[in-house]
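>>> what shape does this take:
(chains A and B)
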Amino acid sequence: MDRRSLTRRQFLCSSALVLAGAAVGACAPKPTAPPTAEPTPVTEGTAAPQATAPAEPAAATPAPKLAGEIEYFMYDLGPANQSREQIAAAFQEENPEAKVKLTVLPYGENWNKLSALMAAGTPPDVIYGDFSLLRYALEGQLLDLTEWFNNDPVLVQQDLFTVDMRDPLLAMFGTSRLYNLILGTWVPLLYYNKEIFDSAGEPIPTENSTWDDVRTLAKKLTNLKQQQWGIQFGTTLDTVGWLWWEHQPDDFWAIPQIFPEKTNFDSPVGIDVLSFWYNLGFQDKSAVPFAEMGTFQAYGAAFGAGQAAMVVGGDWDSGWGYRDLPFEWGVTLIPMVKQGYRPALNCMVATSTVASGTKNPELAWQFARFVSATVTGQTLIGLGAYETPVLKEAAHSDAVMKPEWAAPGYEYRVLAAELPGPMYCPYPLDMNLWEFPGKYLDPTVQQLSIGEITPEQAAAYLDKEGTPFYAEMKKSMPPVK
Amino acid sequence: MASVTTRPRKRNLFHLSLQRREAIACACFIAPAVLGFLAFSLFPLTTSAFLSLTDYRLAGRPHFVGLANYATLLSDNLFWQSVRVTSIYALAVVPLWLVNSLALAILMNQNLKGMHLFRTIYYLPAMLSGVAVSMLWIWLLNGRYGLVNIALRMIGIQGPNWLRDPRWALFSIIMVSQWSVGWYLPIWLGALQGIPTELYEAAEIDGSNWWDKIRHITLPMLSPVIFYNLVMNIIWATQLFTEVFMMTGGGPRFATLSYMLYLYQNAFSYNKMGLATAMSWLLFVAVLLLTIVAFKSSPMWVYYEAERRRP
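Just a heads-up that it's a prediction; the model follows:
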């Protein structure tokens, strides 16, 4: 069959025609994005969102048209990662031209990677973390969100959040500049194994219990022959410090200072805190020994294995590991240090931070705002059960306070977050979170708990090592810009 | 007369001589290796030497501090604890590795049925990832549920809390290190099979027993391989990291804080890059000295068949 082929002239003419058509098409106006639904302003009494279908986000201003891609940099939150994926999906649904790429790294590795990215000048756009990130603010590597915040008619409303977004900055820097948005708190609570209490005929601790009551109960519920202990210290060895904060948080900063120059372990408060491990671990033998902590197969160690009557833990415990425990458990507020004195610990907060090197600051800010200040974002945070939401409307919803799987008292996590308390940052701001606990505090606490040293000796040792340590740390801090 | 036609000689593109073209080809072939060495070895090496003289915390710029990092290390108790742990570990595992792997290789060198299967079985652990092996041993050595303690309980012994008791933790790590002793098997077997059988036959005629043959034939003939393995083992022993990182985190109470783990902690947990690089240089010097000692001592005990010694 005779095949017809284009001549050179015909080919050139057709190509020119196609190119001209493409050029005309490219010059035509872009089709406008479909109008987005009018956002729902934050009001009291809005129906609580469901787990599968969160409510509309709260915002008073018309949402700006957002486009582009940002990277949300976070550490591995286990099952709660799903809530972050849902938040990103919900945000993208509202902003079809925006894309949020999640980068999830194992805990620890995320900080190293972040340091490297910051040093290389290629930071991620939005960073999940805590106050320790504020070191980067001192070096000018974080976006100053103050004006964004002040110009947002929703965010400046009073009584919107369970925490004051600005307090931590005031406490730390003496400035009112805002470098992060708080998206949740980590609330420690007292968890109990109801079955152990019932079989022993002892009363379950309540929100009115004191640490003295708990110590007495722990002693009564300890049965070493059956390998049952009254109380378990923190979930892992890394968290021994949490118990310390929980015990005396109001006076916490009497020990290491915010911009520390010295430590004051050798003081009435310091001795009292250190005695906690000594009394329960060595004297009463009612606490699970540190050497035993890692030997349990269950999540939550001895408590999860049903061999400790009580444990002080955080949201992640109840949300992750305790959902499917094979015994009945409940939760209440951490005990009062003494009757009538209830410290709160709402200073431990999770935040979204925006890197100053972001190529899309508007989109990054709007995403951070979506996580912290919309019912959708905050409900998903609550359902993730890794942090307690801070937007009151979402936090008080039944979906967050009383999820289907919750044990009695689960709502205390929201109530505890709203107790008045110090809003300080308990982290050293040089990104060096582990050196003092790892080198000095943890080993000392372990020695205390087996009676190798007394609280007085421990306090003297920690001050001897801690004072030069913190002085050196302070020297390494960059000056406040 | 027949005419001879010759094809014109193809001229090379740049009129280069054969010698020059070969030189260029040679340079092209070795360029990847040289560039790789420059970029990934020499540059990091010189950079780390510089960083060891600075206070560098990743976020921010390095500040020159002279020898302060070295002075800090020498007055740091944990630095010396890490040196102590690594030394004990090296002193224990290097002879154990050598003796156990050689003994195993001699067994595996027997001409028995199914020996290939045994060789494979003993070599398999060496192919597993150190992380996976560590995870396995964490559970085997679990004080409460571990198979080791369950087995001990069956014969009436209450086993210790292997990894959580400061008195047992380092011993446990040393024990675990023997897991991968089969790694050396191919090296030993290759060397064992290279020993001429005539030597053994002559020894038998002379009435030697098995121990005499090992002492006077096997060991001398293996001495170059023993020397190689000794040097490599010393280097590996000082690099102890994966097992302690995974199984104990350096605890309990620093009982297993190896040098490399402390170096890692300084670099990536405490962000003290300057201090960490100073540690790496101290380790480099220490390993270099040990290797020099090993090489200097080798003429006294290493036998090379082709070597001619001065009278």
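
>>> tell me where the model's unsure across the stretch 251-400 of chain A.
The stretch 251-400 of chain A contains residues with pLDDT under 70 at A:251-262, A:337-347.

>>> the closest residue to residue A:180 other than its chain neighbours: how many residues sit nearby?
Nearest residue to residue A:180, sequence neighbours excluded (C-beta to C-beta, 6 or more residues apart in numbering or on different chains): residue A:351, at 3.9 Å. Placement of C-beta: from N, CA and C, glycine included. By other C-beta atoms under 10 Å in any protein chain shown, 23 other residues sit near residue A:351.

>>> ok, residue A:351 touching residue A:181?
Yes: assessed by C-beta atoms under 8 Å, residue A:351 is found in contact with residue A:181 at 6.4 Å.

>>> who in chain B is up against chain A?
B:55, B:57-60, B:78, B:142-145, B:161, B:163-165, B:251-254, B:265, B:268-272 (C-beta under 8 Å from any C-beta of the partner chain).

>>> please redo it, this time with the cut-off set to 6 Å
Contact residues (C-beta under 6 Å from any C-beta of the partner chain) of chain B with chain A: B:58-59, B:142-145, B:161, B:164, B:253, B:268-271.

>>> any of these buried? List them.
Buried residues within the residues of chain B next to chain A, counting neighbours by 16 or more other C-beta atoms under 10 Å in any protein chain shown: B:58-59, B:142-143, B:161, B:164, B:253, B:268-271.

>>> closest to residue B:280 out of those residues?
residue B:268 (12.9 Å; C-beta to C-beta).

>>> find the residue closest to the closest one in space, skipping its chain neighbours.
Closest to residue B:268 by C-beta to C-beta, 6+ apart is residue A:112, at 5.0 Å.

>>> that's a strand at that neighbour, yeah?
No: using DSSP: H, G, I helix; E, B strand; the rest coil, the assignment for residue A:112 is helix, not a strand.

>>> wait, doesn't it sit right on residue B:267?
No: counting by C-beta atoms under 6 Å, residue A:112 stays clear of residue B:267, with 8.7 Å between them.

>>> so those two - more neighbours on which side?
Neighbour count, other C-beta under 10 Å: between residue A:112 and residue B:267, residue B:267 has more, with 20 against 16.

>>> how about that one, secondary structure?
Following three-state DSSP, we place residue B:267 in the helix state.

>>> any idea whether the closest residue to it other than its chain neighbours is helix, strand or coil?
Distance criterion C-beta to C-beta, 6+ apart; nearest residue to residue B:267, sequence neighbours excluded, is residue B:276 at 3.5 Å. Assigned with three-state DSSP, residue B:276 falls in the helix class.

>>> for residue B:276, give its distance to residue B:70.
Noted for residue B:276: a distance of 12 Å to residue B:70, by C-beta to C-beta, to the nearest Å.

>>> also residue B:117?
Here the criterion is C-beta to C-beta. By it, residue B:117 lies 53 Å from residue B:70.

>>> so which of these two has more stuff around it?
Neighbour tally, residue B:117 and residue B:70, criterion other C-beta under 10 Å: the higher count belongs to residue B:70, 16 against 9.

>>> residue A:375 touches residue A:394, doesn't it?
Yes: counting by C-beta under 6 Å, residue A:375 touches residue A:394, with 4.9 Å between them.

>>> neighbour-wise, which of those two wins?
In this comparison of residue A:375 against residue A:394, neighbours counted by other C-beta under 10 Å, the higher total goes to residue A:394 at 29 against 23.

>>> report how many residues lie close to the residue lying closest to that one once chain neighbours are set aside.
Spatial nearest neighbour of residue A:394, excluding adjacent residues (C-beta to C-beta, 6+ apart): residue A:378 at 3.4 Å. For residue A:378, the tally of surrounding residues (other C-beta under 10 Å) stands at 32.

>>> in a helix, residue A:446, correct?
Yes: under three-state DSSP, residue A:446 sits within a helix.

>>> thought it was touching residue A:290?
Yes: applying C-beta under 6 Å, one finds residue A:446 in contact with residue A:290, separated by 4.9 Å.

>>> which residue does the stretch 1-150 of chain A have closest to chain B?
Nearest residue of the stretch 1-150 of chain A to chain B (C-beta to the nearest C-beta) works out as residue A:115 at 3.9 Å.
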